[in-house]
Structure formats: structure tokens, C-alpha cells
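Asks: need a structure here:
(chains A, B, C and D)
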4 protein chains.
Amino acid sequence: MSAFQIQDPDYEARVRKTFAGQMALATLGVTLTRIEPGTLELQMPYDVRFSQQNGFLHGGIVSAGLDTACGLASYTLMPAQADILTVEFKINLLAPAKGQTFRFVGNVVKPGRTLVIAEGRAFASDDGREKLVATMSATMMTMLRRG
Amino acid sequence: MSAFQIQDPDYEARVRKTFAGQMALATLGVTLTRIEPGTLELQMPYDVRFSQQNGFLHGGIVSAGLDTACGLASYTLMPAQADILTVEFKINLLAPAKGQTFRFVGNVVKPGRTLVIAEGRAFASDDGREKLVATMSATMMTMLRRG
Amino acid sequence: MSAFQIQDPDYEARVRKTFAGQMALATLGVTLTRIEPGTLELQMPYDVRFSQQNGFLHGGIVSAGLDTACGLASYTLMPAQADILTVEFKINLLAPAKGQTFRFVGNVVKPGRTLVIAEGRAFASDDGREKLVATMSATMMTMLRRG
Amino acid sequence: MSAFQIQDPDYEARVRKTFAGQMALATLGVTLTRIEPGTLELQMPYDVRFSQQNGFLHGGIVSAGLDTACGLASYTLMPAQADILTVEFKINLLAPAKGQTFRFVGNVVKPGRTLVIAEGRAFASDDGREKLVATMSATMMTMLRRG
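Replies: Take a look at the predicted model:
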């Protein structure tokens, strides 16, 4: 049950289209596993091609996953003709992203006409045990298409 | 001319080894183009495989580049037996990362025994004109290897 | 019921002493209204002396309240002989801090030996209706006193 | 010589009026010591009433000073009929704010129609030696008054 009001009844199709249009997400192997008004979940498998010096998922890739989860969670609440921009985000990396699969959850904290504030949590699943590895707070901007 | 004192005369070899050990950087096509005590520069070409929905470089990939530049700039000042961890970073995305090549510069602001604070700037070069597209502030942690 | 393990059975006295030693908090009229392992709540009344140009509580004062709540929440989990430093924080100001009383809640997200990561939420109570006005994420550092 | 274009030739009077309207700044003893398009400097003396547990200036008060410097620096570039809101800021506290006077400098990094991105640096002057004690990155929003 979401606390948020949608502006676009077709929000899910719109968000999925934007997701599908991001080649970076296909390259990283990201899949969209949950979508609700104000909430979005992504998952991706470990891939050694995106590892850092100790073999764990690179922190920059964790931030890419969380940025996308926060952005698309915000995008669920935007109007039909809106584009979305990430204004800024901050990430705290709490533990090495060690695991076989990763889960990125974005939640809207405060929707606004121009700006939407969201929070994200990244989890690593390692041998079946899931652990919180990063938190994000992000500001997203609604860009209304003209014409 | 750097304002910073190094602790490890072989810092450059140590930083280059850590850089080379990050498979994510090879996958993204990142090259290390400048290294000095407290400063580091990376470059990467545009690659459609890492694009977002408008065809520009994905903001999460920009953050991966800046995180790495800030981290390795900090790592130049750490002792020989240190590992490095990103504690947190914040990024402001100022403009779409539109261009053919990208440049990520990390500079240490304040080195400390345990924590090093760094700042980063990302530039996109589009048809020969370079533009500031993102700024970062980051906290890095020195992890001393035992034994 | 807290999920966090304390290291100092006298944490409450230690936190209250640090709270009492901060003259800024007395000047702002801040009171400590809840303390548990990993959680801390502060309250302060509106005071026109700390207002911004529209008569609301100044955003910088909101950040002072949240910084303190996050810091003291983290301090509950630190060892007896520890001092605490704020490394960094980020605040999102979601709505004007308009009201008669303000509540600042800090919660530890991840305690570590050296660093503790915390989150804060600031609420304004206006004519009996409480509203979320700001969120914070913060990194706190344990400083062990020598000797 | 500023790199930034002003939209309001009377920006200085407008910024000074907003400064004067913030009672928190008078209470803290803040003075406006420099104003140019995209740049603003504030100073305040040490005041034990705003100290933390070790007698230094409270980090939250440092953030209030930097938030204000970044906000008013951004406000110099906004149109005549604009109000200003702080969307978010992040601060790194690099060293204790120990000294007799403090200086807060805000600089615009990127002005935009809706959002202005600024950076701040806080300095403590202790027995005549000035030291960088904090850095900030902030997002400010232009609010156009209707009517």
C-alpha cells in the first residue's frame, strides 16, 4: 500500500520504457524486480567485469544501481510527459559489496512538483545471507517536455 | 608542485597496481592519465554500452569515474602497507555527460591518518569543447594491513 | 528493543554529560527527550532569534539539531573512553521548518569500530500537526582518548 | 572579475536585505564582508554560547554559516523577484572549529534557471593563523514569487 498519489495511470509502462532505454543497465545485467508508486527495486548478478581490486562489486557500480533505483522510484510519481534528471546523490558504503547477487531499493521520501527526494538501500546476497552494503539519499528533478 | 607530503616513495607503482587490479575500470575503458601526490586524473571514451535513456553517459558511470579518481588521489598519500576504502561520496550532476571523451580529476583536500577528504571534477569533451559536468566530495579511509 | 550492542553499560550518563557540555544546545533551547542504544531524540521550541528571512527556523539550525541527534545516537554505541567527531553529513531540506516545536531523531544505521553511520529525521510541529522537514545521513568517528 | 552574469543589477541590495532579514545571523553575530556576482563571504566571532563539548564552535553552527554563504552567493545570480530555498547540502568537517574568528566563503559552481549549485569553505582564524576547517557542496533553488 503506497502513501503516494500517482499523476500518470500508465506510470509503470513509462518507467519500464525508460529502464529499457538505458543501455548501461543491460550491460550491467540489471533487472527491474518491483515497481510501485514511489518504490522501485532492481537486481543484478555479480560480474567480475565490474569488480574492484579485492574482487567485490565496484563501489561506483553500486552507486549506479542505487542512483537508478532512486531515479526510477521518483519517476513513478512524475507526470506522463516528464523526463527525469538526477540532481545529486550521496552514498555511504557500509560494507564491501561481496556476494553473488545485489538488490537496490529506491523509495521516495518527499515528492514535489519540481524536485523529488528519494532514499536507497543496496543489499548484497552472499551464500544466501543478505546484508545492507550501502545507503543513498538523492534529489531528482522533473523536466517537463515542451510541445 | 604538490602541497602534500607522501609517506611512500613508491606511491606511483602502488597506485598503478591498484588501478590495474580493478576490472571495472578496464571494462569501462578507463585510463590513468596523470598521477601526482594528492592528484589523479582518469579518462574514458564514450561507450554506448554505458549510456542512459538519452544516449549520454550514465550518471552512475560518471560517479564510478569520480569515485575512482578521488580514491586513487587519496591513495597516493597513504602508507605503503595501506588498503583504501570509500566511506562515502556526494556527487552533483551539473549537466548531461554528453561527449566523446570524459575526464575525471581527483584532488585531496585534507589528508589525515585515518581519513582522507578529496574532491573531484568530471568533464565531458564534446566536439573539442570541454565542459564541467559533475562535482564530487568524498571521504576515503586508510585500512592498514595486519601482519 | 534495539538491534545494537552497547560497549559501555553507562552509555546514558556519558551521552548526557556530552550533551550537557555543549553550550550551543542550551543556547538553542534543545532538550534530550529519548535515549536508547543507537537512537536519540532531541526537541527544541521555536525561537525567533534563530529564524531565517521568512520567519521559519533557519536551515542551518535544523542541521545543527540533526547533526547533534545523529552524533549522540552514534555516541551511545561507542566505548566508555571515546570522544566523538562528526566527519561529514548531508541534509535534505524537504519543507520550511515552520512550527512551534521541532523534533530531531537520530538512528544508527551501521556501527563500526572507527566509523558509525547514522540517519536523522527532523519534524516540525505546527498547530499540533507534525511534518517531516529534513533528512540527514552522517558519518561519525570514534576518537579514543590516550592515557 | 566574476565569470557569472547577473540577472538583477540591484542584486547587492536584494542580498543584503535578505541577509538583514535573517535573525539567526544577527544572533550568531555574522557579518557580510564581501559580495560579488556568484561569491559571498561572511564572518563571525567565536562565541562560547555556540560551542560544543570541547569549547570549539559547534559543527552545526559552522554548517549554518556555510549554508548561508552558499545560499547568498547563489542568490546574487537570481532574478529580482526570486526567493531562495536550500534544497540540500553536504559538509565535511576537516578540523575542529577552534579560533577567535571564522570566515565562510560561498562560490557558485553552476548557475541554472531553477537550481544553483554552490561550494563553500569555512576557515578558523586562531591566534592569527587561518585554517580550512570545513567544505560544503550545496543545491539552492530559485522560487519565483507570483503576482
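Asks: Find the residue ranges of chain A scoring beneath the pLDDT cut-off.
Replies: Across chain A, the ranges flagged by pLDDT under 70 are A:1-2, A:146-147.
Asks: who in chain A is up against chain D?
Replies: A:87-88, A:90, A:114-115, A:137, A:139, A:141 (Cβ under 8 Å from any Cβ of the partner chain). All C-beta spots, glycine's among them, are computed from the backbone N, C-alpha and C.
Asks: got TSV for those, with neighbour count too?
Replies: Shown next, in TSV, are these (neighbours: other Cβ atoms under 10 Å in any protein chain shown):
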residue	neighbour count
A:Val87	24
A:Glu88	29
A:Lys90	27
A:Thr114	15
A:Leu115	22
A:Ser137	26
A:Thr139	26
A:Met141	24
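Asks: Out of the residues you listed, give me the two with the largest separation.
Replies: Comparing every pair within the residues of chain A next to chain D by Cβ to Cβ identifies A:Lys90 and A:Thr114 as the most remote, at 19.7 Å.
Asks: between the helix or strand A:Ser63 falls within and helix B:59-75, how big is the angle?
Replies: A:Ser63 belongs to helix A:59-75 when assigned by DSSP states H and E. Angle of helix A:59-75 versus helix B:59-75, following axes from the mean of the first three to the mean of the last three Cα atoms, to 10 degrees, is 150 degrees.
Asks: Now stretch A:90-103: buried residues?
Replies: For stretch A:90-103, a neighbour-count test (16 or more other Cβ atoms under 10 Å in any protein chain shown) marks A:90-94, A:96-99, A:102-103 as buried.
Asks: restrict the residues you listed to contacts with chain C.
Replies: Subset of these in contact with chain C: A:90, A:92, A:94, counting by Cβ under 8 Å from any Cβ.
Asks: so what's the first one closest to, chain neighbours aside?
Replies: By that I understand A:Lys90. Spatial nearest neighbour of A:Lys90, chain neighbours left out: B:Lys90 (3.8 Å); criterion: Cβ to Cβ, 6 or more residues apart in numbering or on different chains.
Asks: what's the angle from the helix or strand hosting that neighbour to strand A:82-93?
Replies: Per DSSP H and E: B:Lys90 is located in strand B:82-93. Calculated by the same axes, to 10 degrees, strand B:82-93 forms an angle of 160 degrees with strand A:82-93.
Asks: Name the next helix or strand following strand B:82-93 along the chain.
Replies: Following strand B:82-93 in sequence, per DSSP H and E, is strand B:101-111.
Asks: chain center to that following strand: distance?
Replies: The gap between where strand B:101-111 is centred and where its chain is centred comes out at 6 Å by Cα atoms, centre = their mean, to the nearest Å.
Asks: got it, and stretch A:84-102?
Replies: 9 Å.
Asks: Straight-line length of it, end to end?
Replies: Length of stretch A:84-102, first residue to last, Cα to Cα, to the nearest Å: 24 Å.
Asks: Turn the residues of chain A next to chain D into JSON lines, columns for distance to D:Thr33.
Replies: JSON lines is the format used below for these (distance: Cβ to Cβ, whole Å):
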{"residue": "A:Val87", "distance to D:Thr33": "30"}
{"residue": "A:Glu88", "distance to D:Thr33": "29"}
{"residue": "A:Lys90", "distance to D:Thr33": "30"}
{"residue": "A:Thr114", "distance to D:Thr33": "33"}
{"residue": "A:Leu115", "distance to D:Thr33": "32"}
{"residue": "A:Ser137", "distance to D:Thr33": "33"}
{"residue": "A:Thr139", "distance to D:Thr33": "30"}
{"residue": "A:Met141", "distance to D:Thr33": "33"}
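Asks: close to chain C, is the helix holding A:Ser63?
Replies: No: Helix A:59-75 does not reach chain C (Cβ under 8 Å from any Cβ); its nearest approach is 12.0 Å.
Asks: is that helix up against chain B anywhere?
Replies: Yes: for a cut-off given as Cβ under 8 Å from any Cβ, helix A:59-75 has contacts with chain B, namely A:59-61, A:63-68.
Asks: Let me have the residues you listed in TSV, extended by distance to B:Ile35 and neighbour count.
Replies: TSV is the format used below for these (distance: Cβ to Cβ, whole Å; neighbours: other Cβ atoms under 10 Å in any protein chain shown):
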residue	distance to B:Ile35	neighbour count
A:Gly59	20	26
A:Gly60	19	26
A:Ile61	23	29
A:Ser63	23	30
A:Ala64	25	28
A:Gly65	29	27
A:Leu66	29	30
A:Asp67	28	29
A:Thr68	31	29
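Asks: Out of the ones next to chain C among the buried residues of stretch A:90-103, the closest to D:Phe50 would be?
Replies: D:Phe50 lies nearest to A:Lys90 out of these, by Cβ to Cβ, at 26.1 Å.
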